[in-house]
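J.: Sequence first, predicted coordinates after that:
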Amino acid sequence: MKSYVLTVTCKSTRGIVAAITGYLAEKGCYITDSSQFDDLQTGLFFMRLTFISQEGAKIEELREGFAPVVKRFDMTCEIRDSEERMKVVLMVSRFGHCLNDLLYRWKIGALPIDIVAVISNHFDYQKVVVNHDIPFHHIKVTKDNKPQAEARMLEIVEQTDADLVVLARYMQVLSDQLCKKMSGRIINIHHSFLPSFKGANPYKQAYERGVKLIGATAHYVTEDLDEGPIIEQDIARITHAQSAEDYVSIGRDVESQVLARAVHAHIHHRCFINGNRVVVFPASPGSYASERMG
Ligand SMILES: Nc1nc2c(c(=O)[nH]1)N[C@@H](CN(C=O)c1ccc(C(=O)N[C@@H](CCC(=O)O)C(=O)O)cc1)CN2
């Protein structure tokens, strides 16, 4: 039986859940997971359900039948096939730990995505990418060619019909124009526990501040550098005896794990941008079970 994901954002009011669940029951659908959040600050309601059609309803039929509910509550709504895989472009500069981690998770099926391209402004990871049978594109970036470099990047995104771009330690600031055009579709991993230590060299900043914790933050990319809506964060302990170079080593694992969690949440439609915040619903049962046991 086909499994679907329904996502809803609308203004809070009474009767939304009843209308959604009533419709699904009427259409012979069985709800397998449900999360909702009512933001009293913004007056917005968010819901994500996974369900199976026990009567073999087609997605077009489900969408069409749901249209009156969408109209009644003025919903932003999607019904998607749970098996549909997002097309993802990965971008990297000189530090490849997040890229390698994502490639491994993709290879074992833990990240059910189609990696349609890897883009880098360096050649360090060309071999590992090509060895995964993934197209590698080198796009040189200088202070003078950023518009042309971004145009090429956008061309690759459009030619591959990519749904998501993941900056896996890609160290170039993207233009306001590109950020606006791809709002909500670019995820970055920043190697600090934002909002501390934005911008370049966060570990150097952390060392000079004398912190006892370092961290990583995965966020959607906006024009405001490292200020986009936060999807996932985590931390790691450090001591007085460690240097900024030690932080780079200690930080690798937490950066990779934070980015992987954020990508997993996004590709499973668990993320809802809510102003400068992100509602992140828990993973549905079985959504980690796609791993091919080695
Ligand atoms: N518009 C945005 N672009 C990018 C963001 C973002 O949030 N908004 N995140 C960065 C990633 N990043 C930190 O995580 C970061 C990358 C690069 C720089 C920076 O100052 N880069 C210099 C060049 C550095 C170099 O050549 O090695 C620059 O672009 O002039 C700061 C923070 C990705 N892009």
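T.: Noted; the coordinates are in hand.
J.: which non-adjacent residue is nearest Lys140?
T.: Asn121 (6.1 Å; Cβ to Cβ, 6 or more residues apart in numbering). Where you see a C-beta, it was placed from the backbone N, CA and C, and this is true even at glycine.
J.: Could you check how many residues crowd around that neighbour?
T.: Asn121 sits with 18 neighbouring residues when counted by other Cβ atoms under 10 Å.
J.: centre of the chain versus stretch 162-178, how much separation?
T.: 12 Å (Cα atoms, centre = their mean, to the nearest Å).
J.: now stretch 106-118
T.: 13 Å.
J.: same question, stretch 230-238
T.: Here stretch 230-238 is found 16 Å from its chain centre; the criterion is Cα atoms, centre = their mean.
J.: Spell out, range by range, the strands that occur in the chain.
T.: 3-11, 29-39, 44-53, 76-81, 87-92, 114-120, 136-138, 164-167, 186-190, 213-220, 230-237, 271-274, 277-280 (DSSP state E).
J.: can you list these in TSV and add distance to the ligand?
T.: Shown next, in TSV, are the strands of the chain (distance: least, Cβ to the nearest ligand atom, whole Å):
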stretch	distance to the ligand
strand 3-11	23
strand 29-39	24
strand 44-53	24
strand 76-81	24
strand 87-92	9
strand 114-120	12
strand 136-138	15
strand 164-167	5
strand 186-190	4
strand 213-220	7
strand 230-237	11
strand 271-274	14
strand 277-280	14
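J.: Can you lay out those as JSON lines showing mean pLDDT, distance to Val129 and mean neighbour count?
T.: Shown next, in JSON lines, are those (pLDDT from 0 to 100; distance: least, Cβ to Cβ, whole Å; neighbours: other Cβ atoms under 10 Å):
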{"stretch": "strand 3-11", "mean pLDDT": "97", "distance to Val129": "30", "mean neighbour count": "19"}
{"stretch": "strand 29-39", "mean pLDDT": "97", "distance to Val129": "34", "mean neighbour count": "16"}
{"stretch": "strand 44-53", "mean pLDDT": "97", "distance to Val129": "32", "mean neighbour count": "21"}
{"stretch": "strand 76-81", "mean pLDDT": "98", "distance to Val129": "28", "mean neighbour count": "15"}
{"stretch": "strand 87-92", "mean pLDDT": "98", "distance to Val129": "8", "mean neighbour count": "23"}
{"stretch": "strand 114-120", "mean pLDDT": "98", "distance to Val129": "4", "mean neighbour count": "22"}
{"stretch": "strand 136-138", "mean pLDDT": "98", "distance to Val129": "4", "mean neighbour count": "15"}
{"stretch": "strand 164-167", "mean pLDDT": "98", "distance to Val129": "13", "mean neighbour count": "24"}
{"stretch": "strand 186-190", "mean pLDDT": "98", "distance to Val129": "18", "mean neighbour count": "25"}
{"stretch": "strand 213-220", "mean pLDDT": "98", "distance to Val129": "21", "mean neighbour count": "24"}
{"stretch": "strand 230-237", "mean pLDDT": "98", "distance to Val129": "24", "mean neighbour count": "18"}
{"stretch": "strand 271-274", "mean pLDDT": "98", "distance to Val129": "26", "mean neighbour count": "19"}
{"stretch": "strand 277-280", "mean pLDDT": "98", "distance to Val129": "29", "mean neighbour count": "18"}
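J.: about what we covered before: please tell me how far the residue nearest to Lys140 sits from the ligand.
T.: Note on Asn121: its distance to the ligand, by Cβ to the nearest ligand atom, to the nearest Å, is 8 Å.
J.: and the stretch 151-294 of the chain, which of its residues are near the ligand?
T.: For the stretch 151-294 of the chain, the contact set with the ligand under Cβ under 6 Å from any ligand atom comprises 167, 170-174, 179, 188, 190, 199-200, 221, 223, 225-226, 228.
J.: Please repeat the previous calculation with a cut-off of 8 Å.
T.: Residues of the stretch 151-294 of the chain lying close to the ligand (Cβ under 8 Å from any ligand atom) are 167, 169-176, 178-179, 188-191, 198-200, 202, 219, 221-228.
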